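A.B. asks: Show me how the following folds:
(one chain, ligands or ions: 1)
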Amino acid sequence: MLTFIGLGLYDETDISIKGLDRIRRSDYVFLECYTSVLTGTTPEQMTELFGKEVGMLYREDVEGHPETFLELAKESDVAFLTAGDPMVSTTHIDLRIRAAAMGIRTEIIHGASIVSAVCGLTGLQNYRFGKSCSLPFPYGKWAPTTPIEVIEQNIADKLHTLVYLDIQPDRYMRIPEAVRMLEEMAAARGISIPVYVGVARAGSGSPVVAAGTAAALAGVDFGGPLHILVVPGDLHLMEREYLETFAGL
Ligand SMILES: C[S@@+](CC[C@H](N)C(=O)[O-])C[C@H]1O[C@@H](n2cnc3c(N)ncnc32)[C@H](O)[C@@H]1O
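C.D. replies: Residues are numbered from 1 along each chain as shown. Okay, here's the model as predicted:
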């Protein structure tokens with residue numbers, strides 16, 4: 001059996017009791033550590049709480065050689081952990097399909113996701129979001145155009161855009177850098193983005209949420225990772241009031 005288990009947003013204590021119980025009853029426990037990470041904990045702290053060794057899985061392990069742990073799941077109980085929810089903004093539906101094709105029973109134990117946390121922390125209503133996008137670190141002189149195209153379309157449709165910020169093994173993109181990159185991309189297309197909303201360390205005891213112009217956000221100390229950004233479309237009256245109350249708009 002293969003169980004996908006969401007760990008939640010910040011540290012090892014965010015897991016559900018159901019998820020913890022399943023980990024403790026599993027023969028093997030693997031943590032996928034490239035689509036998102038829990039910055040408030042370490043694999044050692046997880047091992048201590050879970051009472052199980054936690055094997056790390058990188059992109060190549062999951063997307064290149066999933067048979068390594070899928071074969072184990074044919075004969076034993078394997079827990080596959082991810083930060084957030086295992087099926088939100090990841091490619092793990094592919095993994096579940098592969099497991100099913102190999103005759104492996106699967107189950108999902110959900111976790112709190114950054115997608116819902118952003119709605120709670122910013123007051124932006126989930127049904128007023130359009131397509132989301134990812135902002136990768138520039139590669140040499142190359143920078144993607146997709147994020148700004150998505151944002152432009154969403155603004156035209158009066159919808160908000162969730163912008164996931166790149167995670168690399170040795171660095172995390174932060175809000176100030178993301179805003180700078182989007183400002184350059186917007187200027188190159190001749191458009192302007194009036195308001196950004198930044199969220200840092202959702203799920204921790206001290207998340208930072210700030211809304212304003214690019215210049216206003218440049219003066220905010222967001223602190224350590226993880227960070228995420230929203231480019232709002234039209235703000236509903238209540239959304240505006242919430243951002244004024246809780247995010248300094
Ligand atoms: C590709 S998404 C994966 C989402 C995950 N499966 C979930 O359900 O939460 C990961 C991105 O979301 C953002 N993110 C995830 N957790 C966060 C947190 N606790 N605080 C702020 N941003 C976060 C970061 O921009 C990160 O690069």
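A.B. asks: what's near enough to touch the residue in the chain positioned nearest to the ligand?
C.D. replies: In the chain, the residue that lies nearest the ligand is Gly84 (2.0 Å; C-beta to the nearest ligand atom). All C-beta spots, glycine's among them, are computed from the backbone N, C-alpha and C. Gly84 makes contact with 6-9, 35-36, 111-115, according to C-beta atoms under 8 Å, 6 or more residues apart in numbering.
A.B. asks: Now with 7 Å, please.
C.D. replies: Gly84 is in contact with 6, 9, 36, 111, 113-114, counting by C-beta atoms under 7 Å, 6 or more residues apart in numbering.
A.B. asks: can you put the residues you listed in JSON lines and add pLDDT?
C.D. replies: Shown next, in JSON lines, are the contacts of Gly84 (pLDDT from 0 to 100):
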{"residue": "Gly6", "pLDDT": "98"}
{"residue": "Leu9", "pLDDT": "98"}
{"residue": "Ser36", "pLDDT": "97"}
{"residue": "Gly111", "pLDDT": "98"}
{"residue": "Ser113", "pLDDT": "98"}
{"residue": "Ile114", "pLDDT": "98"}
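A.B. asks: for the lengthiest helix in the chain, packing partners?
C.D. replies: Ranked by residue count under DSSP state H, the longest helix found in the chain is helix 175-189. Under the contact definition 3 or more C-beta pairs under 7 Å, 6 or more residues apart in numbering; DSSP states H and E, helix 175-189 sits against helix 146-156, strand 196-200, helix 214-218, strand 227-231.
A.B. asks: So what touches stretch 13-24?
C.D. replies: 3, 5-8, 29, 50-52, 79, 109, 111-112, 203.
A.B. asks: Please indicate which of these are buried?
C.D. replies: Buried members of those, scored by 16 or more other C-beta atoms under 10 Å, are 3, 5-8, 29, 50, 52, 79, 109, 111-112, 203.
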